[in-house]
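> Got a sequence here, can you model it:
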Amino acid sequence: MHILRRTRQAAIALVSTLAMGQAHSFDFDTGNAPAEVIIPTIIPVILEDVSPGASDATLVLRNTTLVTNAWFDAIAPYHPTAVGVYTQHAHRLSEPTDSEKNTAIFYASYQVMKSLHPNRMATWDAMMNSVGLDPADNSTDPNTPVGLGNLAGMNVVMNRENDGMNQLGNIAADGSTATYHRVPYRDYTGYKPKNTAYDLKHPSRWQPAIVSSGNGLFKVQQFVTPQLKNVTPYSYNNPQKFHAPKPWNSFVQNWGGYVGQAQAVLDASANLTEQQKLKAEFFDNKFRSLGFSALQAAGVNQLSLMDFVHLDFLVNLAAFDTAIAIWQEKYRHDAVRPFSAIAHIWGDSPVTSWGGPGMGTVNDMPANQWKSYMNVADHPEYPSASASFCAAHALAAREFLGNDNLLWHIPIPAGHSVVEPGLTPAADTEIVFNTWTEFEQDCGESRVWGGVHFPDAVPAGQAIGHEIGALAYDFVMDHIQGTP
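Just a heads-up that it's a prediction; the model follows:
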């Protein structure tokens, strides 16, 4: 059965299994623990505790990269040459089945997830119990799969809890170490926006948006995890070697360019097609797009459990390391978002654009009431993070798989749009990515279609993503070949 379909079906079955405390019929000999049990358990937690739409990429990527790192390290001893990133053990004889690998993967995941989400211990315990494993088994004997998994997970935690992301919340705004009132992932860089949500004094710079929870409550955005620029990367030493060119069209002094790029966003908004809407929604959700693309590739290329783990760690690492450099550039350029520039240029004059859910294209939208199709992200505009992640992810996958084939047809039932539920698409349809190249190109363009990026932000993000994707591939392949 197709691995992506198996994962979705497993997720539905697993929710019921965990809720009822029943045993899960996972086959350790032939199954894929990450796809069938672990990913379906982690996704609901992240959607509830971290990012309801899986669009807050910095924290989503941290979760997925650390757990896939633990998988990689846990089963490296079962590979003829591989060595882990943070854990190195002697190689073992190849096992006739995947039973020991799956066991090690479960325990590695357990150690990482209880560090990332300690308030969810009941969930992690239930996951282990559902497949007949003892979550209290803390063995560190490297001659057993339980010990290999625990050691791999513990070492990832030891090396990553204090990697600059402030996961423990023990770095205060002044850079000192806090002993009380710890707030996980809080900013310690001292970033302050040049504009308030109510006053655009600096039209070239980022303005926080006012966002609604949908139940009458509103909040002003904060730059999400600006300290990501200080996080320790895997595949390079210092993000300062990566630079995006200055976004000259975002400088209000360059009035022609400033107006031109804003008009380009309005034109895209006014001419949205069903396919563009669906792809904009698809790429906004990092699980549906980046996450499940690795599962799709595993099915198309009939990857073994070992190869799937290698691919999944690689593409997550590529996007994670890219995010560090992109956040450095977002912090440095602090560039204005389209919604701010459009309101600044045209005020309450009418513009032609998408008019809102179910409204189609309208000619009398006051510019200062214009809204992008996708919700605007909580960080400066330039360069595009999503475009960079997809570029790094796709390049790394192409290199690892040795081909450009993705062959991904994603069915979208009528009316299943997130933004226009019940209306879009008008009939059952599908979005298609036959190649990784199409995947990354549409990903980048979708940010302009969605109204959250200017066109220049897309190639600027892709260039950095390609560069770091290649470094990530070399890094992971060196570890697979045993020559890190």
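> show me what contacts the spatially closest residue to His117 that is not a sequence neighbour?
In space, and not counting its chain neighbours, His117 is closest to Val45: 5.8 Å by C-beta to C-beta, 6 or more residues apart in numbering. For every residue, glycine as well, the C-beta is placed using N, CA and C. Contact analysis of Val45 by C-beta atoms under 8 Å, 6 or more residues apart in numbering lists 113, 117, 120, 123.
> change it to 7 Å
Residues in contact with Val45 (C-beta atoms under 7 Å, 6 or more residues apart in numbering) are 117, 120, 123.
> now Cys443
Counting by C-beta under 7 Å, 6+ apart, Cys443 has contacts 283, 289, 386-387, 390.
> Keeping just the C-alphas, turn the host helix or strand of the residue nearest to His117 into PDB.
Assigned by DSSP states H and E, Val45 belongs to helix 39-49. Provided in PDB are the C-alpha atoms of helix 39-49 (Å, rounded to 0.1, in the frame of the first residue of the first chain):
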ATOM      1  CA  ILE A  39       4.600  10.900  12.900                       C
ATOM      2  CA  PRO A  40       0.800  10.400  13.400                       C
ATOM      3  CA  THR A  41       1.300  10.800  17.200                       C
ATOM      4  CA  ILE A  42       3.500  13.900  16.900                       C
ATOM      5  CA  ILE A  43       1.500  15.900  14.400                       C
ATOM      6  CA  PRO A  44      -1.700  16.400  16.500                       C
ATOM      7  CA  VAL A  45       0.500  17.600  19.400                       C
ATOM      8  CA  ILE A  46       2.300  20.200  17.300                       C
ATOM      9  CA  LEU A  47      -1.000  21.300  15.700                       C
ATOM     10  CA  GLU A  48      -2.500  21.900  19.200                       C
ATOM     11  CA  ASP A  49       0.500  23.100  21.100                       C
END
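> Disregarding residues adjacent in the polypeptide, which is nearest to Ile38?
Ser109 (5.0 Å).
> now the helix or strand containing Ala318 against helix 39-49, angle please.
Using DSSP H and E, Ala318 maps to helix 305-333. Put simply, helix 305-333 runs at 20 degrees to helix 39-49, going by axes from the mean of the first three to the mean of the last three C-alpha atoms, to 10 degrees.
> Who are the packing partners of helix 305-333?
Contacts defined by 3 or more C-beta pairs under 7 Å, 6 or more residues apart in numbering; DSSP states H and E place helix 305-333 against helix 57-75, helix 292-300, helix 385-401, helix 457-480.
> Show me what counts as buried in that helix.
Buried positions in helix 305-333, judged by neighbour count with 16 or more other C-beta atoms under 10 Å: 305-331, 333.
> Same check on stretch 100-119?
For stretch 100-119, burial by neighbour count (16+ other C-beta under 10 Å) applies to 100-117.
> Give me the distance from it to the chain's centre.
With C-alpha atoms, centre = their mean, to the nearest Å as the basis, stretch 100-119 stands 20 Å off its chain's centre.
> So which residues make contact with that stretch?
28, 31, 33-34, 38, 42, 45, 49, 63, 66-67, 70-71, 73-75, 78, 121, 124, 128, 131, 133, 135, 145-146, 148-150, 152-154, 156-157, 161, 305-306.
> do the same with stretch 343-350
Contact with stretch 343-350 is made by 200, 203, 259, 262, 363-368, 370, as judged by C-beta under 7 Å, 6+ apart.
> Enumerate the positions of it that are buried.
Within stretch 343-350, the residues scored as buried using 16+ other C-beta under 10 Å are 343-346.
> pLDDT added to the residues you listed, as a markdown table?
Formatted as a markdown table, those follow (pLDDT from 0 to 100):
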| residue | pLDDT |
| --- | --- |
| Ala343 | 98 |
| His344 | 98 |
| Ile345 | 98 |
| Trp346 | 98 |
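> Tell me the one among those residues nearest to Gly415.
The closest of the buried residues of stretch 343-350 to Gly415 turns out to be Ala343 (C-beta to C-beta; 31.5 Å).
> where's the closest one relative to Thr64, distance?
Here the criterion is C-beta to C-beta, to the nearest Å. By it, Ala343 lies 36 Å from Thr64.
> cool, Ala460 as well?
According to C-beta to C-beta, Ala460 stands 24 Å off from Thr64.
> Equivalent analysis for Tyr191, please.
Relative to Thr64, and taking C-beta to C-beta, Tyr191 is found at 25 Å.
> Which one's more surrounded, the two?
Thr64 (27 against 17; other C-beta atoms under 10 Å).
> residues in contact with the more buried one?
By C-beta under 7 Å, 6+ apart, the residues touching Thr64 are 291, 316.
> residue contacts, Leu305?
Listed by C-beta under 7 Å, 6+ apart, the contact partners of Leu305 are 32, 98, 101.
> typed the wrong thing, it's Met365
350-351, 353, 355.
> Out of the residues you listed, grab the one that's most surrounded.
Neighbour counts for the contacts of Met365 peak at Ser353, which has 26 neighbours (criterion: other C-beta under 10 Å).
> and the nearest residue to that residue once chain neighbours are set aside, helix, strand or coil?
Of all residues not flanking Ser353 in the chain, Ser269 sits nearest, at 4.2 Å (C-beta to C-beta, 6+ apart). What DSSP: H, G, I helix; E, B strand; the rest coil gives for Ser269 is helix.
> How much space separates Ser269 from Leu66?
Taken as C-beta to C-beta, the span from Ser269 to Leu66 is 37 Å.
> again, but for Asn166
Distance of Asn166 to Leu66, computed by C-beta to C-beta: 15 Å.
> pretty sure Phe26 is in contact with Pro34, am I right?
No: applying C-beta atoms under 7 Å, one finds Phe26 not in contact with Pro34, separated by 11.4 Å.
> Those two: who's more crowded?
Ranked by neighbour count (other C-beta under 10 Å), Phe26 and Pro34 place Pro34 first, with 25 against 20.
> I'd guess the more buried one is in a helix, am I close?
Yes: judged by three-state DSSP, Pro34 forms part of a helix.
> For burial, what's the neighbour tally of Asp49?
So Asp49, with other C-beta under 10 Å, has 14 neighbours.
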